[in-house]
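Visitor: Return atomic coordinates for the entry below.
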Amino acid sequence: MINKEELSDEIGNNHIATSSQNPLREDAFDISDDQKIELIKKDVEKILNTLGLDLTDDSLKGTPNRVAKMFVKEIFGGLNPNKKPSSSTFENKYKYNEMLVEKNITVYSTCEHHLLPIIGRAHIAYISNGTVVGLSKMNRIVDYFAKRPQVQERLTMQIVEELQRVLNTKDVACIIDAKHLCVNSRGIRDIESSTVTSEFGGKFKEENVRREFLEYIKLETSF
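Guide: Numbers count the residues shown, from 1 in each chain. Purely as a prediction, here's the structure:
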């Protein structure tokens with residue numbers, strides 16, 4: 001019979017998500033970013049000391065502080081709802097009612113199971129329901145949800161759900177094709193493989209619309 005620790009390892013090693021939202025505690029933002037940096041700095045110092053590294057060396061002495069700031073201010077900054085990008089929409093005055101595609105959006109995220117990078121591209125499409133959103137806002141939405149410990153399936157869903165909310169339409173789709181360094185650099189160490197996830201809403205569930213989207217991004221994948 002598998003125990004809880006073995007189950008947790010099984011889930012993490014197989015990159016399985018357990019919820020559609022990032023698992024945050026209720027007190028996640030009870031302390032300031034500066035306080036978090038100081039606490040994480042001490043934790044990183046402990047890890048490096050445990051590994052036997054000499055933190056008096058000029059190359060390493062600033063590492064704990066750099067890592068702590070990177071965690072809070074950069075690669076996990078998307079956990080903070082105050083950093084969520086505002087997404088102004090505009091009336092679709094020119095009555096464009098065909099598919100709009102923004103492809104090859106750079107994705108930099110972090111696997112929540114091993115805290116190693118996820119690097120890839122996101123392709124987004126929507127069909128206007130009377131409103132449009134600035135093109136750069138789609139990039140910012142991807143970046144915001146990517147900047148947190150993530151599972152690629154969840155990230156794909158969150159991008160679609162946010163754009164559906166902003167645009168007030170179900171007709172949104174997202175495909176992400178990314179490499180996971182927890183697969184590429186450890187474990188099986190397969191440097192060639194990538195992971196493709198998709199989320200199709202509204203009209204994108206129709207085969208002809210979905211195929212048009214795939215043709216735009218030239219991704220030869222069957223869904």
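
Visitor: For this structure, just list every one of the helices.
Guide: For the chain, helices defined by DSSP state H occupy the ranges 4-13, 33-50, 63-69, 135-146, 152-167, 181-184, 207-217.

Visitor: got the end-to-end distance for stretch 56-67?
Guide: 16 Å (Cα to Cα, to the nearest Å).

Visitor: mind listing what's buried in it?
Guide: 63, 64, 67 (16 or more other Cβ atoms under 10 Å). Bear in mind the C-beta positions are built from the backbone N, C-alpha and C, glycine included.

Visitor: correct me, but residue 177 touches residue 121?
Guide: Yes: with contact defined as Cβ atoms under 8 Å, residue 177 reaches residue 121; the gap is 5.6 Å.

Visitor: picking up where we left off before, of all the buried residues of stretch 56-67, which comes closest to residue 89?
Guide: residue 67 (37.8 Å; Cβ to Cβ).

Visitor: gap between the residue nearest to that closest one when sequence neighbours are not counted and residue 171?
Guide: Leaving aside its sequence neighbours, residue 67 sits nearest to residue 44 (Cβ to Cβ, 6 or more residues apart in numbering; 4.8 Å). Computed as Cβ to Cβ, to the nearest Å, the residue 44 to residue 171 distance reads 45 Å.

Visitor: Would you mind telling me which of the two has more residues around it?
Guide: The residue with more neighbours, out of residue 44 and residue 171, is residue 171; 21 against 18, by other Cβ atoms under 10 Å.

Visitor: That concludes my questions; thank you for your assistance.
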